[in-house]
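Undergrad: below are the sequence and a predicted model; questions follow.
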Amino acid sequence: MKFNTKTIHGGQEHDPAYGAVMPPIYQTSTYAQSTPGGHKGFEYSRTHNPTRKALENAFASIENGKHGLAFASGLAAIDAIIKLLKPGDEVISTNDLYGGTYRLFTKVFEGFGVKFHFIGMENADKVEEYVNENTKLIWAETPTNPMMNIIDIKALAQVAKKHNILLGVDNTFATPYLQQPLDLGADIVMHSATKYLGGHSDVVMGALVVKDDALAEQLYFIQNASGAVCGPQDSFLVLRGIKTLHVRMQRHCENGKKVAEYLANHPKIEKVYWPGFESHPNHEVAKEQMRDFGGMISFVTKGNDYNEAIRIVENMKIFTLAESLGGVESLSGHPASMTHASIPKEEREKTGVVDALIRLSVGIEDADDLIADLEQAIG
Ligand code: P1T
């Protein structure tokens, strides 16, 4: 089955009760048993729920994996991965990453004795320098949030396999429409399904997909033991979102290209970060591992002026100033004070997250209207 068919049918069966084409929302916490243990495969909804199961099967299918797991949020999904580790274990992570992930690593898991190294991963050899006998996980976002750095997943997978380390990839920005990390050698692919998978800014959810049975077993154990699961209504919404992922992504990419090119030619803009530009430092890797370049763009204006950045985001009318990304509607964000405020200023500035940086999630509206909105806002 090809990707555009998988988004609609992958892992899906018509409901056995009445043949419902969409899985019903099984709004139940528990399931009747005829005798202790005598049930129809479902006991309690923290452990399993038929609507969530349908969604988890869809996650596995679109990421070319075998096992899918749905969580209450993207961070809950990452939390489950780190719970595979023990005190004394070490993680090598991209230094440019979602601020909430950085906060979870440094403010929660460092307290439990897990050590994190935050490094630039554009060169896989550099990653190998940080490997020691305690290293258990390499964690990569690509494209990174918000600087749009591109990490070579295949090259990282070689390092991970050589040293028997797990490789986890946060595929939130790319989605499986653009890249499928498991096929490139990653062990775990993670999503904030809040974003493109849900696609309509109406739900918060996380996803994991793996191929390996034993790893899946451990993660299902943590999912059930820790209990950060999503409800059936949210599962239904994300399953519905996935059915249009490919058509939405196609338009996100088309609009993203037009907006990125418009900004790059604007006399008041200093720098535009988007992997589709030939001048992007890892454009060749992006071309190799991604089908297209996506709808996420960051930029700074000439003069690198905080007040100017704030003026622009306040002036936009179609782009809504808001946290989050990946919905049908265009959003703008100011990472330094919003999504990445939990990273200390000296740390975030090292990776380019300066006070004048603006991030755009380009939606699927008419590109002419989006460009006209930027034109009037930048002035
Ligand atoms: O918000 P949540 O569903 O818990 O997902 C966290 C998360 C994980 N990984 C990446 C790459 C993300 O971008 C996010 C959430 N990001 C935002 C809310 C944002 O505006 O960047």
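TA: That came in fine, so what should we check first?
Undergrad: residue 138: which element?
TA: strand 135-141 (DSSP states H and E).
Undergrad: parallel or antiparallel, which strands does that strand pair with?
TA: Strands that pair with strand 135-141, judged by DSSP bridges, come out as strand 90-94 (parallel), strand 166-170 (parallel).
Undergrad: may I see those organised as TSV, with distance to the ligand, mean pLDDT and mean neighbour count added?
TA: Using the backbone N, CA and C atoms, a C-beta is placed for each residue, glycine as well. Formatted as TSV, the strands paired with strand 135-141 follow (distance: least, Cβ to the nearest ligand atom, whole Å; pLDDT from 0 to 100; neighbours: other Cβ atoms under 10 Å):
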stretch	distance to the ligand	mean pLDDT	mean neighbour count
strand 90-94	10	98	24
strand 166-170	5	98	25
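Undergrad: now the element after the strand holding residue 138, going C-ward?
TA: Proceeding N to C from strand 135-141, the next assigned helix or strand is helix 153-162, under DSSP H and E.
Undergrad: tell me which stretches of the stretch 201-350 of the chain form helices.
TA: Secondary structure of the stretch 201-350 of the chain (DSSP state H, counting those that start in this stretch): helices at 213-226, 232-242, 245-264, 283-289, 306-315, 345-350.
Undergrad: return the residues of the stretch 201-350 of the chain in contact with the ligand.
TA: When proximity is defined as Cβ under 6 Å from any ligand atom, the stretch 201-350 of the chain approaches the ligand at 204, 206, 323-325, 333, 339.
Undergrad: try 5 Å
TA: 323-324, 339 (Cβ under 5 Å from any ligand atom).
Undergrad: for residue 363, state which of those is nearest.
TA: Lowest distance from residue 363 to those (Cβ to Cβ) belongs to residue 324, with 11.7 Å.
Undergrad: my guess is the closest one meets residue 338, correct?
TA: No - checked against Cβ atoms under 8 Å, the pair residue 324 and residue 338 is beyond contact range at 9.7 Å.
Undergrad: residue 284: neighbour count?
TA: Residues lying near residue 284 (other Cβ atoms under 10 Å) number 12.
Undergrad: between the residues of the stretch 201-350 of the chain next to the ligand, which has the most around it?
TA: residue 339 leads these on contacts (other Cβ under 10 Å) with 20 neighbours.
Undergrad: just want the residue of this protein that's nearest the ligand.
TA: At 2.4 Å from the ligand, residue 74 is the closest residue in the chain, using Cβ to the nearest ligand atom.
Undergrad: who's in contact with the strand holding residue 138?
TA: Applying Cβ atoms under 8 Å, 6 or more residues apart in numbering, the contact partners of strand 135-141 are 81-82, 84-85, 89-94, 96-98, 101, 121, 127, 151, 153, 156, 159-160, 163, 165-170, 172-173.
Undergrad: and the stretch 51-200 of the chain, which of its residues are near the ligand?
TA: 73-75, 98, 145, 170, 172, 192, 194.
Undergrad: 8 Å instead?
TA: Contact residues, the stretch 51-200 of the chain versus the ligand (Cβ under 8 Å from any ligand atom): 73-78, 97-101, 141, 145-146, 170, 172-173, 190-195.
Undergrad: among those residues, name the ones in strands.
TA: Among these, DSSP state E puts 141, 170, 190-192 in strands.
Undergrad: report the angle between the strand holding residue 138 and helix 153-162.
TA: Here strand 135-141 points in a direction 170 degrees away from that of helix 153-162 (axes from the mean of the first three to the mean of the last three Cα atoms, to 10 degrees).
Undergrad: who's in contact with the residue nearest to the spatial centre of the chain?
TA: Centroid check for the chain by Cα atoms, centre = their mean gives residue 172 as the closest residue, at 1.7 Å. Residue 172 makes contacts with 74, 98, 141, 145, 190-192, 195-196, 326, as judged by Cβ under 8 Å, 6+ apart.
Undergrad: quick one: buried ones out of those?
TA: Burial by neighbour count, judged by 16 or more other Cβ atoms under 10 Å, picks out 74, 98, 141, 145, 190-192, 195-196, 326 from the contacts of residue 172.
Undergrad: those residues into CSV, with extra columns for pLDDT?
TA: Converted to CSV, those look like this (pLDDT from 0 to 100):
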residue, pLDDT
74, 98
98, 96
141, 98
145, 96
190, 99
191, 98
192, 98
195, 98
196, 98
326, 98
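Undergrad: picking up where we left off before, reformat the residues of the stretch 201-350 of the chain next to the ligand into CSV and put pLDDT next to each item.
TA: Formatted as CSV, those follow (pLDDT from 0 to 100):
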residue, pLDDT
323, 97
324, 98
339, 92
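Undergrad: mind checking which of the residues you listed are in strands?
TA: The strands in this structure, assigned by DSSP E, contain none of these.
Undergrad: just those residues now: which is nearest residue 177?
TA: residue 324 (18.6 Å).
Undergrad: phi and psi next, for the closest one.
TA: Torsion angles at residue 324 (phi, psi; degrees, to the nearest 10) stand at phi 90, psi 180.
Undergrad: tell me who's in contact with it.
TA: Neighbour list for residue 324: 194-195, 201, 331, 361 [criterion: Cβ under 8 Å, 6+ apart].
Undergrad: go on, residue 118?
TA: 93-95, 97, 102, 347.
Undergrad: contact partners for residue 123?
TA: Counting by Cβ under 8 Å, 6+ apart, residue 123 touches no other residue.
Undergrad: how near is it to residue 150?
TA: Distance, residue 123 to residue 150, using Cβ to Cβ, to the nearest Å: 12 Å.
Undergrad: again with residue 178
TA: Computed with Cβ to Cβ, the distance linking residue 178 and residue 150 is 11 Å.
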